[in-house]
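Undergrad: Show me how the following folds:
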Amino acid sequence: MLAAGSGSRFDPSGARYKLLQVLPGGEPVVAASARALLAAVPRVVAVVRPQDAATAGLLRGLGCEVVVCERAGEGMAASLVCGVQHARDADGWLIALADMPYVRPATMAALAHAVGRGGAQLGGKGPGEAVIAAPVHGGRRGNPVAFGRAHLQALLALQGDQGARSILTNNPVNELAVDDPGILQDIDTPSDIP
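TA: The predicted structure is shown next:
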């Protein structure tokens, strides 16, 4: 789970960090995102920025493995690489965003399954197939996105602030239709919190 962004669109002054803002249910954005992910997969690696002890402590308390990305300021790719490097022994990676608290656990579990042993059901030829799975709701592709093991080197080579967009652009993507509007809802501005 990528939780190392600066949140500058939410509050350019940096006074209010978006991941720690409280949702209507009383839980911080990052905690709601982590709980949903923890309900979907057995292991969650959360990448945080340096000097963000509050977010790191909250995520550790929930059961996430927390990794501090010293290069987080270089962009989303640096955080993604940091997380994948920490979990490079995995069969695949579900790249979830800490500012997307409304994604349903069932959606995340289905995406993780699609690139694991269940790859064949999305058109792959079985375990080890170079599978990417992305959720689609109402004709729009959203997040999180799952990558099979064959994409390890490409993930580790990412740079800049585009995340894994180049991998998605240059490889077949198995789109998984979901009844989950949460895949399209992130918290970017204060108006995104009801």
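Undergrad: Where is the longest strand in this protein?
TA: Longest strand in the chain, counting residues (DSSP state E): strand 132-137.
Undergrad: which neighbours does it have in its sheet, and in what orientation?
TA: Its sheet considered, strand 132-137 pairs with strand 140-141 (antiparallel), strand 145-148 (antiparallel), strand 174-177 (parallel) by DSSP bridges.
Undergrad: and that strand, average pLDDT?
TA: Average pLDDT, strand 132-137: 96.
Undergrad: Find the nearest non-adjacent residue to residue 175, please.
TA: In space, and not counting its chain neighbours, residue 175 is closest to residue 136: 4.6 Å by C-beta to C-beta, 6 or more residues apart in numbering. All C-beta spots, glycine's among them, are computed from the backbone N, C-alpha and C.
Undergrad: what's across from that neighbour in the sheet?
TA: residue 141, residue 177.
Undergrad: Can you get me a residue count around it?
TA: Using other C-beta atoms under 10 Å, residue 136 is surrounded by 16 other residues.
Undergrad: where does this protein dip in pLDDT?
TA: The chain contains residues with pLDDT under 70 at 117-130.
Undergrad: can you pull out the strands in it?
TA: Using DSSP E, strands in the chain cover 2-3, 45-48, 65-68, 92-95, 132-137, 140-141, 145-148, 174-177.
Undergrad: So for the protein, the centremost residue is which one?
TA: Geometric centre of the chain, nearest residue: residue 96, 1.2 Å, by C-alpha atoms, centre = their mean.
Undergrad: how about the strands of the chain in TSV, adding distance to residue 82?
TA: Formatted as TSV, the strands of the chain follow (distance: least, C-beta to C-beta, whole Å):
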stretch	distance to residue 82
strand 2-3	9
strand 45-48	5
strand 65-68	6
strand 92-95	12
strand 132-137	20
strand 140-141	25
strand 145-148	15
strand 174-177	26
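Undergrad: for these, which one sits closest to residue 59?
TA: strand 45-48 (4.4 Å; C-beta to C-beta).
Undergrad: other SSEs contacting the closest one?
TA: In terms of contacts (3 or more C-beta pairs under 8 Å, 6 or more residues apart in numbering; DSSP states H and E), strand 45-48 is packed against strand 2-3, helix 53-62, strand 65-68, helix 76-86.
Undergrad: most packed of the ones you listed?
TA: strand 2-3 (a mean of 27; mean count of other C-beta atoms under 10 Å).
Undergrad: now for it, which elements pack on it?
TA: By 3+ C-beta pairs under 8 Å, 6+ apart, strand 2-3 packs against strand 45-48, helix 76-86.
Undergrad: make it 10 Å
TA: In terms of contacts (3 or more C-beta pairs under 10 Å, 6 or more residues apart in numbering; DSSP states H and E), strand 2-3 is packed against helix 29-40, strand 45-48, helix 53-62, helix 76-86.
Undergrad: any chance of these in CSV, with distance to residue 114 too?
TA: Shown next, in CSV, are those (distance: least, C-beta to C-beta, whole Å):
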stretch, distance to residue 114
helix 29-40, 12
strand 45-48, 19
helix 53-62, 25
helix 76-86, 18
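Undergrad: Perfect, that will be all.
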